[in-house]
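K.L.:
need a 3D model of the following:
(one chain, ligands or ions: 1)
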Amino acid sequence: MNVLVVNAGSSSLKYQLFDTNTMKVNAKGLCERIGLDGGRIEHKQADGTKTSREINMPNHAVATKVLVDTLTDPEIGCIKSMDEIEAVGHRVVHGGSYFSESVVVTPDVISKLEKCMDLAPLHTGPHLMGIQGCTEVMPNVPQVLVFDTAFHQTMPKESYFYPLSYDMYENYGIRRYGAHGTSHRYVAGEMIKILGKAEGTKIVTCHLGNGSSISAVKDGKVLDTSMGFTPLAGVEMGTRCGDIDPAIVPFIMEKTGMTPAQMNEYMNKKCGFLGVSGVSSDARDIEKGISEGNERCKLAFDILVYQIRKYIGAYAAAMNGLDAIVFTAGLGENSTTLREAVCSNMDFYGIELDKAVNDKAKVQSNIIKLSTDSSKVKVYLIPTNEELVIASDTERLVKAL
Ligand code: ADP
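P.N.:
Presented below is the predicted three-dimensional model:
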């Protein structure tokens, strides 16, 4: 089945065309500056041919039309006509408490998604525009939504409930939702294949990128996750502060005169690696700074390492054991230094990293066992693939229609 995977942002639309029989990506690309001047589409075929075109796209429907025209272009495309697109799968950032699994788009699904607007205002509107764009351009093609929050919906109440007054939960839906669920689901699923079965397994999945989250996955279900009501919570990130004492928020606002919106922007964009180091939000720059003796880069890095170790310890306690740790995403897949720092001096848990293997494991697309054969806890690098999950969920649900 040819599945078009779509990730619609406020002014951009990323896409990949999957053939689900082979799970190969036949084409992928990006429409940028939707609704702005200077619109542009960049398109890449499986054979490596790249094209780009300047074209103004006033809205997501036009962007969808532009990408479909590109896919079907006899010179640069890979399909003959739009009819070859059999289904569309959308990445959706927030499904609130409404969606615990992927769903086929219906009017009821759309009205529930509209209710999630408050929870992820920057993402939900663009998602709705992306869905609408596909409906306008391909009215007969079924669409599926795959939610970043869905995998985390198995969390028990004691792990998702914040000890605020109960009415905050009832009136505003304030609770832990988590994020990166599709990635955690994919890598936990791959780890479970290696372990042989889901039942009885205790896995900590570490998705470490610009945004980072860590999940405790017991019996194949999420028991807890580090991101919270929003993706600002949990460990230190590229520009996000992660968990801090909540009293710091009004304190800083009073001292600096920042408004709630400015404070939110500050915590999301000016903290983390960037704020602590004063150098960069990018882990590669932080590692370079450390090698040059920059103390603040070292502090930014050490904070993250320490926090990840605390999460592993906490989740091992919550699950009463630990079978495997999985590293994924930009930092998890590539930063040999970070993985080594996280896994060293963990003999209490029986974690033993194979240093030679770990040192070589980066910039590749294979699953790699990083722990020694004698390590009680298995440590794996599993490259994440959220688009593949979206394509296969879409195929499964559309086939069942
Ligand atoms: P996003 O959350 O935006 O999807 P990614 O998963 O792409 O982010 O991760 C980006 C992070 O991965 C950046 O901090 C980047 O520095 C880091 N990263 C990528 N490659 C390497 C590398 N070779 N060594 C260390 N860090 C890396």
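
K.L.:
so what's the residue nearest to Gly209 when sequence neighbours are not counted up against?
P.N.:
In this structure, Gly209 finds its nearest non-sequential neighbour in Ala329, 3.7 Å apart by CB to CB, 6 or more residues apart in numbering. In this view, the C-beta of every residue, glycine as well, is placed from N, C-alpha and C. Residues near Ala329 by CB atoms under 8 Å, 6 or more residues apart in numbering: His180, Ser183, His207, Leu208, Gly209, Ser212, Thr384.

K.L.:
among those, name the ones in strands.
P.N.:
Of the contacts of Ala329, the ones assigned to strands by DSSP state E are His207, Leu208, Ser212.

K.L.:
which residues of the chain lie near the ligand?
P.N.:
209-211, 238, 282-284, 287, 329-331, 334-335, 362-363 (CB under 6 Å from any ligand atom).

K.L.:
looking at the contacts of Ala329, which is nearest the ligand?
P.N.:
Gly209 (2.5 Å; CB to the nearest ligand atom).

K.L.:
and for the closest one, the neighbour number?
P.N.:
19 (other CB atoms under 10 Å).

K.L.:
go on, Thr51?
P.N.:
Around Thr51 there are 15 residues (other CB under 10 Å).

K.L.:
could you spell out the sheet neighbours of the helix or strand it falls within, each with its direction?
P.N.:
Here Thr51, judged by DSSP states H and E, is contained in strand 50-54. With DSSP bridges as the test, strand 50-54 is paired with strand 40-45 (antiparallel).

K.L.:
list the buried residues for the strand it pairs with?
P.N.:
Arg40, Ile41, His43, Lys44, Gln45 (16 or more other CB atoms under 10 Å).

K.L.:
is it possible to get a markdown table of the residues you listed that adds pLDDT?
P.N.:
What follows is these, written out as a markdown table (pLDDT from 0 to 100):
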| residue | pLDDT |
| --- | --- |
| Arg40 | 96 |
| Ile41 | 97 |
| His43 | 97 |
| Lys44 | 96 |
| Gln45 | 94 |
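
K.L.:
nearest to Glu265, of those?
P.N.:
Arg40 (26.9 Å; CB to CB).

K.L.:
run the chain-centre distance for the helix or strand where Tyr380 lies.
P.N.:
Element membership for Tyr380, per DSSP H and E: strand 378-381. Remark: strand 378-381 is offset 19 Å from the chain centroid, using CA atoms, centre = their mean, to the nearest Å.

K.L.:
swap in stretch 322-334?
P.N.:
The answer for stretch 322-334 is 13 Å, by CA atoms, centre = their mean.

K.L.:
export that stretch as CSV, just CAs?
P.N.:
Extracted as CSV, the C-alpha positions of stretch 322-334 are listed here (Å, rounded to 0.1, in the frame of the first residue of the first chain):
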residue,chain,number,x,y,z
LEU,A,322,15.3,-3.5,34.9
ASP,A,323,15.9,-5.7,31.9
ALA,A,324,17.0,-3.2,29.3
ILE,A,325,17.9,0.4,28.6
VAL,A,326,17.4,1.8,25.1
PHE,A,327,19.0,4.9,23.7
THR,A,328,17.5,6.6,20.7
ALA,A,329,17.1,10.0,18.8
GLY,A,330,19.9,12.4,17.8
LEU,A,331,21.9,12.3,21.1
GLY,A,332,21.0,8.8,22.1
GLU,A,333,22.0,7.4,18.7
ASN,A,334,25.1,9.4,18.3
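
K.L.:
and that stretch, what's buried?
P.N.:
Buried residues in stretch 322-334 (16+ other CB under 10 Å): 322-334.

K.L.:
from the buried residues of strand 40-45, which is closest to Gly313?
P.N.:
Taking those together and measuring to Gly313 by CB to CB, the closest member is Lys44, at 42.4 Å.

K.L.:
was I right about the closest one contacting Gly29?
P.N.:
Yes: with contact defined as CB atoms under 8 Å, Lys44 reaches Gly29; the gap is 6.0 Å.

K.L.:
what's the next secondary structure element after the helix or strand of the chain with the lowest mean pLDDT?
P.N.:
One helix or strand of the chain scores below all others by mean pLDDT, DSSP states H and E: helix 121-137, with a mean of 92. Downstream of helix 121-137, the first helix or strand assigned by DSSP H and E is strand 143-147.

K.L.:
same for that following strand, what does it pack against?
P.N.:
Secondary-structure packing of strand 143-147 (3 or more CB pairs under 8 Å, 6 or more residues apart in numbering; DSSP states H and E): strand 87-92, strand 103-104, helix 121-137, helix 181-195, helix 386-399.
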